[in-house]
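Participant: What would the 3D arrangement of this be:
(chains A, B and C, ligands or ions: 4)
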Amino acid sequence: MKRLFSKKGSPARDDPAAAPASGVSRRDFLKGLGTTALSAAAMSAGSVAKELEQTSTERVYGPGPVPVILSINGEKQIFQLEPRVTLLEALRTQAGLTGAKEPCDRAACGACTVLLDDVPVYACSLLAIEAQGAEITTIEGIAKDGRLTKLQQAFVQKDGLQCGYCTPGMVMTLTALLRRNPHPTEAEVRKACSGNLCRCGSYPRIFAAALDTGGAPTVSKLEVITLHDHAVA
Amino acid sequence: MPWPSASKHLGKPTPRLDGPAKAAGRAKYTTDIAPAGVLYGAIFRSKWPAARIRSINLEKAKAAPGIKAAIRVHEGEHQVRYYGEELAALAGMSRQAVLDALRLIEVEAMPLPFTVNELDAIQPDAPRVVAERPNLGPAESEKTGDVDAAFAAAAAVVEGTFTTQVEIHHPLEPHADIVALEGDEYTAWCSTQGIFETRNDLAKSLGVPQNKVRVLCEHMGGGFGSKIENWANRVICARLAQAAGAPVKLVLTRFEQALSVGNRPSSFQKLKLAADASGKLTAFEMVMFGTPGHAAGPEDMGGGVTFLPAPYIYPAPNTRVKKSKLAVNAGPATWMRAPGHPVASFGMESILDELAVKLGMDPVEIRLKNDPHPIRCREYLIGAEKFGWKDKYRKPGSSPGPVKVGVGCAGAGWMSGGEGTQAEVQVNPDGTVEVRCGTQDLGTGSRTVVAVVAAEMLGLDPAQITVRVGDTRLPPSGLSGGSATTASVAPAIYDACEKTLAELKKLSGIEDPRGARWLEACGKIGSNPLVVAGKWRDGLSTGGAGGVQFAEVAVDTDTGFVKVRKILCVQDCGTVVNKLTCESQLNGGIIMGIGYALYEQRIMDARSGVVLNPNFETYKLTGAADTPDIELILLDMPERGVIGVGEPATVPTAAAIANAVANALGVRVTSLPITPDKVLAALGKLPKAASQPTEGRMLDEAFARVALAPVIPPASPANVRRRKAYA
Amino acid sequence: MKPFAYVIAQTPESAVELARNQGRFIAGGIDLLGELKEHLAEPKLLVNVKVLPGTQEITPAADRWVIGANVTLAALAAHAGLRQTFPGLAEAAGEVGSPQMRNIATVGGNLAQHSRCWYYRHRDIRCLKKGGATCYAREGENKYHSLFSGATCLSPVVSNLAVALTALGASVVVQRGAKPATLTMAQLYESAWENPRAHHSLKPTDLILRVEIPAVAGRRSTYLQMGEKSGFDWALVSCAAAARVEGGTLHDTRVVLGAVAPIPWQVDEANAWLEGKVLTDEVAAQAANLILRDAEPLAHNAYKVPLARALVRRALAKLVT
Ligand SMILES: Cc1cc2nc3c(=O)[nH]c(=O)nc-3n(C[C@@H](O)[C@@H](O)[C@H](O)COP(=O)(O)OP(=O)(O)OC[C@H]3O[C@@H](n4cnc5c(N)ncnc54)[C@H](O)[C@@H]3O)c2cc1C
Ligand code: SF4
Ligand code: FES
Ligand code: FES
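Facilitator: Ligands and ions are numbered 1, 2, ... in the order given. Prediction:
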């Protein structure tokens, strides 16, 4: 495997020099990343892998940690991962990108949505090893130089969020929609985020944020009637 | 009320302070925090709904690679009461390592008989959930007047049985804790609705003084009541940290969320209602029971099973009420967004519509006739006009075509109100301000409330104010529950700011330090910042929020599919603090109410005792496509002071939808959620062989048992403090 | 998930060979990862079959269309020509799950997906399908289960594509050992009717290569489904129909129901009854009667009978308009 350096010039993750300078040994460090702790279960899959290495022309990876190169937000990084690690887990615990969330881990809520070559997918239901070769965009990768995108600003201005836990997924889904279709209708917005759940019920304001970004005027469905003589029915 | 009537920020749409961090994915929730050297925790749960656990062997798990701590939740023998109960726990170097090792734990257990569904558990020969007592608890009984005479004399009497499901909170952020020990001090990052309560609970379970525990909760992914209780998983996290001598992070999975961190209890309500010829209610009778899960004994809070006001919002002079809790082998209920109210509202508003039909009255008319709440009556009138009720309301079932349209309405009352919170304002010599308050922001926008109130009072812009919340080192505030946060926090900020201005005036000699002379005044503070404390005081917040909702639905009578087309909500809001977040909370309450009406339900399997839908695939939440057109009308009554709105809006939605469905069909679906199978059954479209006469008989027998149950006085004193937060 | 080794197969033959070692094919992985996370399956090896040559294209031709096993559902739903020629198939693909899922999920994976019965999917229940002694659904919570149940497992076929492709008379080309074999849609699922442990008729080493759909001049097709929610929900019942409509009469009609039986449900008499008929309410109602004739509702799924009836009527009506 070719040694890779990220664009920032920091050493790649399989470089022993990358271990922290504290008293932690490299072995412990890698264990801490949850990658080389070979469990008993891994051994049995290991023997299958060994056997196949002799007989198969295709290259067999794992079951232990293998180098996995991911291109995340325009930056190539290399990780040591078991093949069973999902892209979401790799992003959250290895790459330190905790924007994408894991409310369900079963392709049912959308809070883990990231873009794979500009297409929204559930990071919880894709193996990291299978995301190699694609450009992965996470919520951390869309605001350039810390400046929020128009859509993100609209989320803030239109209150397209409450607790905010679904927000990174919603933003990624709608970012993809707006790239594809800069002026979506409300029906298109609803359809696009049909795979993202929001338990706080922010949908009306999320639709408003997306429509606003696309230049469609939105009105708040809230009217205030001020009553000063409330005591009288 | 002293709230300024011409305001610059109050009642205006102020974007959330933490909006940019959340929209950028930068906001760190408990699930996202990883202190150096953190270990991952995971819980080993019972696979039996009832069993005697003889022993748990942790040796193999302990020896597995990467495992640093292994604990048993109970020492010695233990009796399990529900599937998913916590038995043991591990902490280790990675989540995978811990999950792998969990499978190595061995348990010696003697499975016991169990019962998970209410109509089975109420049978006298059903297995007992707790050996010492019958599953059906004693009944709380209330009586006024002469009910039998009133029913006999009434112009119209209607009866009906209504049932509601167990609903699960399912905040999108799972329950999560991190506990770290440094020296003799604990730091805990907790996803909690009450940092101080959590601190006290943690100190107690760790056996350390309260001043040795610090709880942090900067951002939270929702709670809806499920993050009030100090559930076992938090204590387990702390014990793992103690055992491992390292920080431990324990995040529940969605599967676990469905098992043991609370739910809204079910209900079976047998109702009878009478009125005179003018439609004035004369008598009300209720026999009801519901399950709070396994903990239906003296120790439970029940999550409001018997806590529901009856009759709901429309009083009758003669009433007879009997309510009882029923234990089943399932996870415990707890407070959930407006405990008791959506349950009570569904029953009462449904039977009231039946009465209106019988009397030939318009549903709005019968409500105006019987609602003693003047604000709500006004809301009915305003709402009816905006909704076009007069044109839309038709005789039940008279809409043509296979897709029938119907409308319905329902009201809600909520006793929200505030209580003791303290706050601190720090003014720096350069004019900047920091406001500190130990509340937490569940997503309700309380952080922004603090800024808005301070900005208003100090004559600054909300963005000029730094707000610190979510840390027990800040001045204390209470639980975020009962929609009490805003009403508790805003007055404290008001008070602190008022005192700050007075102090600033004294120090600077400037009569009104606000506005143009602000910087000048601050310049005279000296080199140390000015720090002023304030606290909640009476007269700035209030309770008794009334609201009404109107629903329009289209029901496909061929397929049973219900589509909510529109919800119109008129809500009494007192002093609106932030129009933007207020609107979002109302939307959120309604959308959750739609889920309660049409989709959500925990499903238990009688044979295995497991929850069959511990996921988002078959436990169904309202999605983008299911969200109707929502129109909100806020009644801004500045003199009333601040009222919380997080809960009231979720109360009447299901009842209004159920009434609209009944209006469309001409027959009523009396059980939530209103799914296509129930609609088709109500329409009599199921093949003959499929009807189930036994269920009706079992229900009758069940109500008869509640009617015969021994009686205790209403509202046991247990957990009065927590109840207060909701009452 | 248990650890597994991972390999990217380069040829169908090697994919099949690799899968012999307690391996499982992985395409989009949406279904498979769910099973692995719940430990319903603990393969030692995952064989990625996504890059096999020729499996990612939709190839139209005059007599039949060929759809590669690894075409994504999103691509299927969006393909302009396909929407024109086989609207029923595009509609079925467009209704699967959510956009994120359709961007990843494949035709092969959709057809070969496993049971969604909530007993089967529960990590702590060992029902008949998992080698246990009983079917929990029969006397239990069976609201989402089959009206027609064959040999004891009541878990219905829930693949949207299975229903749509059956109506279109498609066949599936499978790599079986060293050589390809062609299965009709009925053959692809018949084992699920006969054997409670089977999800379909494929062996663990049978690899779907492509689907072939006969192009019949003048044929129309449609697909309808209804769930409990408006979007991102499983069909309670689905219905696909295809026919040639000539001068207002129906020819070679096929009406197929999904989510009512372990196999896509067709009744020959119903199809025959429609031959040469002008569609009226009575004609459609009789077709629905015939297709539902042998339904045996369970305690909680009788509603599927009127629902299916309505969808049959509506699908036929949509076909002729
Ligand atoms: C929340 C949720 C909702 C869903 N809703 C729907 C729905 O509405 N309708 C619907 O139809 N489905 C639905 N699904 C199922 C969804 O998993 C499939 O529709 C999807 O198409 C599977 O495709 P995949 O490529 O991801 O399959 P994978 O997960 O990769 O594979 C599925 C199975 O097929 C096998 N397999 C894969 N490729 C081949 C091949 N070429 N030959 C032989 N075997 C193969 C795998 O070994 C595995 O057993 C839903 C799933 C979830 C989690
Ligand atoms: S229907 Fe099939 S999968 Fe479901 S419990 Fe019965 S045997 Fe198992
Ligand atoms: S965490 Fe991926 S869809 Fe929910
Ligand atoms: S804002 Fe809380 S889940 Fe969407």
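Participant: from here on, contacts and neighbour counts on C-alpha atoms
Facilitator: Noted.
Participant: What segments of the stretch 551-700 of chain B are strands?
Facilitator: Secondary structure of the stretch 551-700 of chain B (DSSP state E, counting those that start in this stretch): strands at B:562-572, B:629-636.
Participant: is chain A contacted by stretch B:206-223?
Facilitator: Yes. Stretch B:206-223 is in contact with chain A by C-alpha under 8 Å from any C-alpha of the partner chain, via B:His219, B:Met220, B:Gly221, B:Gly222.
Participant: Just the terminal-to-terminal distance for that stretch.
Facilitator: Stretch B:206-223 has an end-to-end distance of 24 Å (criterion: C-alpha to C-alpha, to the nearest Å).
Participant: Sort out which residues of it are buried, please.
Facilitator: B:206, B:210, B:213-223 (16 or more other C-alpha atoms under 10 Å in any protein chain shown).
Participant: Which of the residues of stretch B:206-223 next to chain A sits closest to ligand 3?
Facilitator: B:Gly221 (13.8 Å; C-alpha to the nearest ligand atom).
Participant: Determine the number of other residues adjacent to residue 140.
Facilitator: In the absence of a named chain, this looks at chain A. A:Glu140: 19 surrounding residues under other C-alpha atoms under 10 Å in any protein chain shown.
Participant: I was thinking of chain C, sorry if that wasn't clear
Facilitator: 17.
Participant: what does the one 4 residues further on give?
Facilitator: Here the count is done by other C-alpha under 10 Å, and C:Tyr144 has 22 residues near it.
Participant: Next up, the contacts around A:Gln162.
Facilitator: Neighbouring residues of A:Gln162 by C-alpha atoms under 8 Å, 6 or more residues apart in numbering or on different chains: A:Cys200, A:Ser202, B:Gly443, B:Thr444, B:Gly445, B:Thr581, B:Ser584.
Participant: Ignore what I typed, I meant B:Thr144.
Facilitator: B:Thr144 touches B:Pro317, B:Asn318, B:Thr319, B:Arg320, counting by C-alpha under 8 Å, 6+ apart.
Participant: Generate a PyMOL selection restricted to the buried subset of those residues.
Facilitator: Buried subset of the contacts of B:Thr144, written as a PyMOL selection, criterion 16+ other C-alpha under 10 Å:
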select buried, chain B and resi 318+319+320
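Participant: I'd like the contacts of B:Thr144 as a markdown table, with pLDDT and secondary structure appended.
Facilitator: Listed next are the contacts of B:Thr144 as a markdown table, based on pLDDT from 0 to 100; DSSP: H, G, I helix; E, B strand; the rest coil:
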| residue | pLDDT | secondary structure |
| --- | --- | --- |
| B:Pro317 | 97 | coil |
| B:Asn318 | 98 | strand |
| B:Thr319 | 97 | strand |
| B:Arg320 | 96 | strand |
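Participant: For ligand 2, state which of the contacts of B:Thr144 is nearest.
Facilitator: B:Arg320 (44.5 Å).
Participant: From what I see, that closest one and B:Glu140 are in contact.
Facilitator: No. The criterion here is C-alpha atoms under 8 Å, and B:Arg320 misses it with B:Glu140 at 10.8 Å.
Participant: Let's see whichever strand or helix holds C:Leu76 as CSV, backbone CA atoms only.
Facilitator: Element membership for C:Leu76, per DSSP states H and E: helix C:73-78. Provided in CSV are the C-alpha atoms of helix C:73-78 (Å, rounded to 0.1, in the frame of the first residue of the first chain):
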residue,chain,number,x,y,z
LEU,C,73,-33.0,1.6,-7.9
ALA,C,74,-32.5,5.3,-8.3
ALA,C,75,-31.1,4.7,-11.8
LEU,C,76,-34.0,2.4,-12.6
ALA,C,77,-36.6,4.9,-11.4
ALA,C,78,-35.0,7.8,-13.3
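Participant: in that helix, what counts as buried?
Facilitator: Neighbour-count burial for helix C:73-78 [16+ other C-alpha under 10 Å]: C:Leu73, C:Ala74, C:Ala75, C:Leu76, C:Ala77.
Participant: mind listing the helices in the stretch 101-250 of chain C by residue range?
Facilitator: C:107-112, C:136-139, C:160-167, C:185-194 (DSSP state H, counting those that start in this stretch).
Participant: tell me the most buried of these?
Facilitator: Scoring the helices of the stretch 101-250 of chain C by mean neighbour count under mean count of other C-alpha atoms under 10 Å in any protein chain shown gives helix C:160-167 as the most buried, with a mean of 28.
Participant: and it, what does it pack onto?
Facilitator: helix C:87-94, helix C:107-112, helix C:185-194, strand C:219-226, strand C:237-246, strand C:249-258 (3 or more C-alpha pairs under 8 Å, 6 or more residues apart in numbering or on different chains; DSSP states H and E).
Participant: Show the average pLDDT along it.
Facilitator: Across helix C:160-167, the average pLDDT comes to 98.
Participant: Which residues of chain A lie near ligand 3?
Facilitator: Residues of chain A lying near ligand 3 by C-alpha under 6 Å from any ligand atom: A:102-112, A:122-124.
Participant: which helix of chain B spans the most residues?
Facilitator: Taking DSSP state H as the criterion, chain B has its longest helix at helix B:485-508.
Participant: Tell me the first helix or strand C-terminal of that helix.
Facilitator: Per DSSP H and E, the first helix or strand lying C-terminal to helix B:485-508 is helix B:518-523.
Participant: can you redo the helices of the stretch 101-250 of chain C as a markdown table with distance to ligand 3?
Facilitator: A markdown table is the format used below for the helices of the stretch 101-250 of chain C (distance: least, C-alpha to the nearest ligand atom, whole Å):
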| stretch | distance to ligand 3 |
| --- | --- |
| helix C:107-112 | 18 |
| helix C:136-139 | 27 |
| helix C:160-167 | 20 |
| helix C:185-194 | 29 |
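Participant: highest average neighbour count across the strands of the stretch 551-700 of chain B?
Facilitator: strand B:562-572 (a mean of 25).
Participant: tilt between that strand and strand B:629-636?
Facilitator: Angle, strand B:562-572 to strand B:629-636, by axes from the mean of the first three to the mean of the last three C-alpha atoms, to 10 degrees: 10 degrees.
Participant: Sheet partners, orientation included, of strand B:562-572?
Facilitator: strand B:545-556 (antiparallel), strand B:629-636 (parallel) (DSSP bridges).
Participant: out of those strands, which comes closest to C:Asp294?
Facilitator: Among the strands paired with strand B:562-572, strand B:545-556 comes nearest to C:Asp294, with 25.5 Å by C-alpha to C-alpha.
Participant: any idea how far A:Asn196 is from the closest residue to ligand 4 within the stretch 151-300 of chain C?
Facilitator: The minimum distance from the stretch 151-300 of chain C to ligand 4, using C-alpha to the nearest ligand atom, falls at C:Phe232 (16.7 Å). Distance, C:Phe232 to A:Asn196, by C-alpha to C-alpha: 9 Å.
Participant: Need the overlap of contacts for these two.
Facilitator: Joint contacts of C:Phe232 and A:Asn196 (C-alpha under 8 Å, 6+ apart) are B:Gly623.
Participant: which residues touch the residue of chain A found nearest ligand 1?
Facilitator: Closest to ligand 1 within chain A is A:Ala108: 4.5 Å, counting by C-alpha to the nearest ligand atom. Residues near A:Ala108 by C-alpha under 8 Å, 6+ apart: A:Gly195, A:Asn196, B:Phe616, B:Glu617.
Participant: which of these sit farthest apart?
Facilitator: So for the contacts of A:Ala108, where distance means C-alpha to C-alpha, the most widely separated pair is A:Asn196 and B:Glu617, at 12.2 Å.
Participant: same question for the longest helix seen in chain C, mean pLDDT?
Facilitator: In chain C, with assignment by DSSP H, the single longest helix is helix C:304-320. Averaged over helix C:304-320, pLDDT sits at 97.
Participant: so does it get close to chain B?
Facilitator: Yes. Counting by C-alpha under 8 Å from any C-alpha, chain B is contacted by helix C:304-320 at C:Lys304, C:Val305, C:Pro306, C:Leu307, C:Ala310, C:Leu311.
Participant: okay, that helix in CSV with CA atoms only?
Facilitator: C-alpha atoms of helix C:304-320 as CSV (Å, rounded to 0.1, in the frame of the first residue of the first chain):
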residue,chain,number,x,y,z
LYS,C,304,-55.4,-6.7,3.5
VAL,C,305,-58.4,-8.3,1.6
PRO,C,306,-60.4,-5.1,1.0
LEU,C,307,-57.1,-3.2,0.5
ALA,C,308,-55.9,-5.6,-2.1
ARG,C,309,-59.3,-5.5,-3.8
ALA,C,310,-59.1,-1.7,-4.0
LEU,C,311,-55.6,-1.8,-5.4
VAL,C,312,-56.5,-4.4,-8.0
ARG,C,313,-59.4,-2.2,-9.2
ARG,C,314,-57.3,0.9,-9.2
ALA,C,315,-54.3,-0.7,-11.0
LEU,C,316,-56.6,-2.0,-13.7
ALA,C,317,-58.3,1.4,-14.0
LYS,C,318,-54.9,3.1,-14.3
LEU,C,319,-53.9,0.7,-17.0
VAL,C,320,-56.7,1.5,-19.3
